[in-house]
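Q: Show me how the following folds:
(one chain, ligands or ions: 1)
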Amino acid sequence: MPTSTSTRPRVFSGMRPTGQLHIGHFLGALGNWVRLQDEYECIYSVVDLHALTTGYEDAKGIHDAGLEMVADWLACGVDPGRSIIFRQSDVPQHAELAVLLGMITPLSWLERVPTYKGQIEELGEHLLTYGFLGYPLLQTADIILYKATRVPVGQDQLPHLELSREVVRRFNHLYGPVFPEPEAIISEAPLLLGMDGRKMSKSYGNVITLASPDDEVERQVMSMVTDPQRIRKEDPGDPAICNVFAWQRLLGADDAEIAEIVEGCTTATLGCVADKRALAERVKGIVGPIRERREALMQDPGHLEAVLEEGAHRARAIAGPVMAEATAAMGL
Ligand code: TRP
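A: Numbers count the residues shown, from 1 in each chain. Here you go, the predicted model:
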C-alpha cells in the first residue's frame with residue numbers, strides 16, 4: 001500500500017461525473033489508469049467541481065453520478081488498496097489553491113486555451129462563466145496539490161497541461177520553487193468509433209456503456225455500419241474501411257482470427273451479419289464481467305461512499321501540508 005513516503009513517481013488524473021462510462025473509456029483512459037497502478041503512486045479523482053462548470057443548472061445528479069462512476073472504475077480494476085480514489089469536493093484545498101492561482105494568471109492565458117472558445121461555440125453561451133474560464137486553473141490545482149509529476153490524459157487535454165506548466169513556472173518564479181512541472185502521459189486511446197462510425201457519444205446514441213446488458217450489446221453491434229460498398233453477401237468487402245473489423249482488432253482478436261476475417265470478407269465467404277455476431281460475442285465477453293462487478297458494487301453504495309471517504313482522508317493528508325507550503329511561500 002503506498003504511503004506518503006513512497007518513492008514512486010506520483011500520478012494524478014480525474015474524470016468528470018457527467019454520464020455513464022462506455023467501452024471506449026475502458027480501452028482508453030481507464031485501462032491506462034489500471035496499468036499505471038503497477039508503477040506509480042496513483043491518485044484518481046471524481047472531479048465534481050469540474051462537472052459544475054458545464055452542468056451547474058442541474059447539479060442534483062452529480063453526487064450519484066460520481067458514485068456510479070466509482071463503481072465503474074473499481075469494476076475495471078482501479079484498486080483502492082493501491083490508489084487514492086476520492087471526490088474533489090471532499091478536499092477543500094482544490095478550491096483554495098485554484099483561487100490563489102487565479103491571482104497570478106493573466107486573463108489572456110486562459111482566454112487562449114483552445115477548449116475555451118471551442119466549447120462555448122459547441123455547448124452555448126451559458127458557459128460564459130468565471131468558473132468555466134478558470135477550468136484549467138482548477139485542473140492545475142488538482143495536479144500540483146499533490147506535486148504529481150505525471151498526468152495520464154487524452155490528446156485533447158494537452159493545452160490544459162501546457163497551461164499548468166506555465167502557471168507552475170510563474171508561481172515558482174514569483175514565490176520560490178514549490179511545485180514540480182507536471183508532464184502528460186498520453187493515453188494513445190485506441191480510437192473505437194461509435195456504431196455509426198462517428199465519435200462515440202451518448203448524445204448520438206451510438207455507444208455501448210459498461211452497464212449495457214447483453215441484448216443491448218447485441219442490438220448495438222448488429223446495427224454497426226460495415227463497408228458501405230458491400231451490399232450483398234456475394235460482394236467482397238474491404239476490412240480496411242470497416243468499423244466492425246476495427247473493433248475486432250482493438251478488442252484483441254489475435255493474428256489467426258484477423259487473418260480469417262480478412263480472408264472471409266475479401267472473398268465474400270464471411271458475411272457482415274456473421275462477422276457482427278462474432279464481434280457481439282467478443283464485446284459481451286468484455287463488458288459482461290465488468291457489468292456484473294459494477295452491479296454488485298452498486299448494491300452497496302455505503303461501501304463506495306466509504307472508499308471515497310477513506311480516499312479523501314488520504315488525499316487531505318497530502319494536500320494539507322502542500323497547501324501550507326504554498327501559502328507560506330506566498331507570505332500569507
Ligand atoms: N479536464 C479533464 C477532462 O475533461 C478532467 C480533469 C480535471 C483532469 N482535473 C484533472 C485530468 C487533473 C487530469 C488531471 O478529461
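Q: in which helix or strand would I find S45?
A: strand 41-46 (DSSP states H and E).
Q: next one: the host helix or strand of G288 to chain centre, how far?
A: Secondary structure from DSSP H and E places G288 in helix 272-298. Mean-position distance between helix 272-298 and its chain equals 20 Å (C-alpha atoms, centre = their mean, to the nearest Å).
Q: cool, stretch 126-143 as well?
A: So, by C-alpha atoms, centre = their mean, the centroid of stretch 126-143 is 17 Å from its chain's centroid.
Q: Give the buried residues for it.
A: Residues 127, 132-143 are the ones in stretch 126-143 that count as buried (16 or more other C-beta atoms under 10 Å). Where C-beta positions appear, they are placed from N, C-alpha and C, glycine not excepted.
Q: From these, pick the one nearest L67.
A: Closest approach between the buried residues of stretch 126-143 and L67, by C-beta to C-beta: D142, at 19.5 Å.
Q: got a list of what that closest one touches?
A: When contacts are counted by C-beta atoms under 8 Å, 6 or more residues apart in numbering, D142 touches 12, 14, 45, 47, 88, 94.
Q: ok, which residues in the chain are in contact with the ligand?
A: 12-14, 16, 47, 50, 139, 142-143, 151, 153, 157 (C-beta under 6 Å from any ligand atom).
Q: Mind putting the residues you listed into a markdown table with secondary structure and pLDDT?
A: Shown next, in a markdown table, are the residues of the chain next to the ligand (DSSP: H, G, I helix; E, B strand; the rest coil; pLDDT from 0 to 100):
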| residue | secondary structure | pLDDT |
| --- | --- | --- |
| F12 | strand | 98 |
| S13 | strand | 98 |
| G14 | strand | 97 |
| R16 | coil | 95 |
| V47 | coil | 97 |
| H50 | helix | 96 |
| Q139 | helix | 98 |
| D142 | helix | 98 |
| I143 | helix | 98 |
| V151 | strand | 97 |
| V153 | strand | 91 |
| Q157 | helix | 90 |
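Q: tell me the least confident of the buried residues of stretch 126-143?
A: Lowest pLDDT among the buried residues of stretch 126-143: L127, with 81.
Q: Distance of the closest residue to that one other than its chain neighbours relative to I208?
A: Spatial nearest neighbour of L127, excluding adjacent residues (C-beta to C-beta, 6 or more residues apart in numbering): I120 at 4.9 Å. Distance of I120 to I208, computed by C-beta to C-beta, to the nearest Å: 30 Å.
Q: Name the residue in those two with the higher neighbour count.
A: Remark: of I120 and I208, I208 carries more neighbours, 25 against 15, as counted by other C-beta atoms under 10 Å.
Q: Please tell me I have it right and the more buried one contacts I23.
A: Yes: in this structure I208 lies within contact range of I23 using C-beta atoms under 8 Å: 4.9 Å.
Q: okay, and the common contacts of those two?
A: Here I208 and I23 share the contacting residues 283, 287, scored by C-beta under 8 Å, 6+ apart.
Q: Quick one: end-to-end length of stretch 239-257, please.
A: 13 Å (C-alpha to C-alpha, to the nearest Å).
Q: shaky segments in the stretch 101-250 of the chain?
A: Counting by pLDDT under 70, the stretch 101-250 of the chain has low-confidence residues at 188-190.
Q: can you give me the helices for it?
A: Ranges of helices in the stretch 101-250 of the chain, per DSSP state H, counting those that start in this stretch, are 107-111, 114-123, 130-133, 135-144, 158-175, 214-222, 243-250.
Q: buried ones in the first one?
A: For helix 107-111, a neighbour-count test (16+ other C-beta under 10 Å) marks L110 as buried.
Q: what does stretch 167-183 rub up against?
A: Applying C-beta under 8 Å, 6+ apart, the external contacts of stretch 167-183 come out as 12, 101, 104-105, 109, 137, 140, 143-144, 147-151, 161, 164-165, 322, 325-326, 329-331.
Q: Quick check on those residues: which are buried?
A: The neighbour-count test (16+ other C-beta under 10 Å) applied to those identifies 12, 101, 105, 137, 140, 143-144, 148-151, 161, 164-165, 322, 326, 329 as buried.
Q: Any figure for the gap between the residue nearest to L127 and the ligand?
A: 15 Å (C-beta to the nearest ligand atom, to the nearest Å).
Q: Tell me who's in contact with that residue.
A: 127-128, 132.
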